[in-house]
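> sequence-free structure coming up:
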Ligand code: NDP
Ligand code: OXD
């Protein structure tokens, strides 16, 4: 079995060594133009040339959960595209989102400013019941985040494409459930894949339907958010703030208004990182399963876009 590794902005050697250790007997190499035909590829943002040169690939294993960038490329016709399925990301996402929710709810950002100025002052405690948290996307990451937020006794709502039942989460689905979901949400968390149906979904109309004093946490993709419409809603006071981990252009360009907006907290696409050991173990297991003709979790449906 021959496996190519091709990941932009990633040091290849440790990944290749780990893949060789996890798949003894497999030939694992970093992709170079003109490389011999391989059976599988482990990739992150590969060039189109790599995919065009490897028409015989059976499996393309994405080193991330989101496949929006890969689906913009021409893929070899017979290859299954397989995404990461948690691999240590859901617990990171849960801690990141809980931190952002609690920082806003407990006004820890205000306390940080006060104490930096030597001020010992108290804010009136807020009512948890007035801060329902709505999670868009109840997949591998969204479901874990919903569970974690519910642990802190916030009312939790969720929205997905197909109907779901999750303990402690008020679930809505489809276009028909969106308005009711938004109207009952104060803190909105986006954990949707970026697809034709979800691009620009965080806009003036949808964010404008949140409860007054709403707060946005976008940890999915920058393409979900219409940036200038968020700024307008923050500036007119309908929204209280936003934590943004993902952006249309990454790295976020110097001078972008998000860097300095007083109601926006920026992090550099770090809410859930790809962890090497967990990722390699998962991909190696899936390659074995695929080779044995067994079903694997996380196969992407290109029509659906995730
Ligand atoms: P999943 O595929 O497991 O879950 C996607 C969820 O979104 C599902 O519940 C799905 O509904 C729902 N969904 C998809 N399309 C729609 C739609 N049109 N309307 C309503 N709901 C929809 O993905 P993951 O949870 O693994 O990951 C989610 C995203 O998080 C990734 O695609 C990626 O973009 C982002 N991400 C960001 C990271 C970061 O560091 N910032 C790290 C990792 C991921 P249904 O259940 O009905 O299919
Ligand atoms: C992912 C990401 O999709 O890191 O896994 O954004």
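All right, it came through fine. Note that the coordinates shown come from a computational prediction; the quantities given were computed from them, not determined experimentally. Ligands and ions are numbered 1, 2, ... in the order given.
> Smallest gap between the stretch 1-150 of the chain and ligand 1, at which residue?
Residue of the stretch 1-150 of the chain nearest ligand 1, by C-beta to the nearest ligand atom: residue 139 (1.7 Å). Using the backbone N, CA and C atoms, a C-beta is placed for each residue, glycine as well.
> Got the confidence number for that residue?
Turning to residue 139, the model gives it a pLDDT of 98.
> contacting residues around residue 219?
Listed by C-beta atoms under 8 Å, 6 or more residues apart in numbering, the contact partners of residue 219 are 93, 96-97, 189-191, 245-246, 271-272.
> re the thing from before, run a quick neighbour tally on the residue of the stretch 1-150 of the chain closest to ligand 1.
18 (other C-beta atoms under 10 Å).
> Correct me if wrong: it contacts residue 162.
No - Residue 139 lies out of contact with residue 162 (C-beta atoms under 8 Å); the separation is 10.5 Å.
> Could I get the full set of strands for the stretch 1-150 of the chain?
Counting by DSSP state E, counting those that start in this stretch, the stretch 1-150 of the chain has strands at residues 2-7, 27-30, 40-44, 59-62, 80-82, 133-136.
> what about the helices in the stretch 201-306 of the chain?
204-207, 227-235, 257-260, 276-291 (DSSP state H, counting those that start in this stretch).
> so who does residue 177 touch?
So residue 177 contacts residue 159 (C-beta under 8 Å, 6+ apart).
> Which residue lies closest in space to residue 198, excluding its sequence neighbours?
residue 192 (4.6 Å; C-beta to C-beta, 6 or more residues apart in numbering).
> What does the pLDDT read for that neighbour?
pLDDT, residue 192: 99.
> Can you give me the neighbour number for it?
Quick note: residue 192 (other C-beta under 10 Å) scores 27 neighbours.
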